[in-house]
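K.L.:
the following comprises the amino acid sequence and a computationally predicted model.
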Amino acid sequence: MNAGTIRKLTAPLVAAALAVGAAACGSSDDAADAGSGDATEQPASGDVTVADAWVREPAAGQTLAAGYGTITNGSDEDITLIGASAPIAATFEIHETSMSDDGNMSMSEKQGGFEIAAGESFTLEPGGPHVMMSDIDPAGFDGPIDLTFVFDSTEVTTSAELRAIGDAMEGMETEDGES
Ligand SMILES: [Cu+2]
């Protein structure tokens, strides 16, 4: 029997054997929850950390903001970043950024989330993967935000610094999803 230190969340560990490298695309397997009932493996949730979290201040009149940070999976199980939340009015999605042949960047929801192998780190950064907050209330954006990164097996909440918008992502306002 495993005793107490492991915080058990409902975690049917999906295809943990896939050990995909952190930034690999295309692991869009479904969260196969059909299974033999109980999860037999549980990651040690205390070992997942997020460092240097920050949120881009939305441009004037915008209700979109992106969150970034470096996730380190110090547990011995693969994890998947599947969502985020914060005590502000917003809709949260996990986005990836891609570059088309003609050099336009666009972003879209990452189906299945981002898998982070045991022992690996994964960085959310401008021009790359990020947490997308939409329909935000600008009044809630006046200081650090307690941003919660939601994984398949755990959650990590960290204080995300608010930074003024820069010019690093000009031309990537394309919000996929409204088609
Ligand atoms: Cu986005």
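P.N.:
Nice, thanks for sending it over. Residues are numbered from 1 along each chain as shown.

K.L.:
C-alpha from now on. contacts and neighbour counts both.
P.N.:
OK.

K.L.:
nearest residue to residue 55 other than its sequence neighbours?
P.N.:
residue 67 (4.3 Å; CA to CA, 6 or more residues apart in numbering).

K.L.:
quick check: residues of this structure near the ion?
P.N.:
95, 132 (CA under 5 Å from the ion).

K.L.:
where are the low-confidence patches of the chain?
P.N.:
Scanning the chain for pLDDT under 70 picks out the ranges 1-46, 165-179.

K.L.:
and the strands in it?
P.N.:
48-56, 65-73, 79-85, 91-99, 105-109, 114-116, 121-124, 130-134, 145-151, 155-163 (DSSP state E).

K.L.:
would you tell me which one of those is buried the most?
P.N.:
Of the strands of the chain, the one with the most neighbours on average (mean count of other CA atoms under 10 Å) is strand 114-116, at a mean of 26.

K.L.:
neighbouring strands - and their directions - for that one?
P.N.:
strand 79-85 (antiparallel) (DSSP bridges).

K.L.:
neighbours of residue 142, how many?
P.N.:
Counted by other CA atoms under 10 Å, the residues lying close to residue 142 total 9.

K.L.:
just give the nearest non-adjacent residue to it, would you?
P.N.:
residue 162 (7.7 Å).

K.L.:
cool, and residue 107?
P.N.:
residue 97 (4.3 Å).

K.L.:
what comes into contact with stretch 81-93?
P.N.:
For stretch 81-93, contacts defined as CA atoms under 8 Å, 6 or more residues apart in numbering pick out 94, 109, 112-116, 131-137, 140, 145-152.

K.L.:
and for stretch 131-138?
P.N.:
Contacts for stretch 131-138 (CA under 8 Å, 6+ apart): 58, 63-68, 83-84, 88-95, 124.

K.L.:
ok, now how distant is the residue lying closest to residue 146 once chain neighbours are set aside from the ion?
P.N.:
Leaving aside its sequence neighbours, residue 146 sits nearest to residue 159 (CA to CA, 6+ apart; 4.5 Å). Residue 159 sits 20 Å away from the ion, taking CA to the ion, to the nearest Å as the criterion.

K.L.:
I'd say residue 159 and residue 69 touch.
P.N.:
No: the criterion here is CA atoms under 8 Å, and residue 159 misses it with residue 69 at 10.5 Å.

K.L.:
joint contacts of the two?
P.N.:
With CA under 8 Å, 6+ apart, residue 159 and residue 69 have common neighbours 53-54.

K.L.:
number of nearby residues for residue 103?
P.N.:
8.
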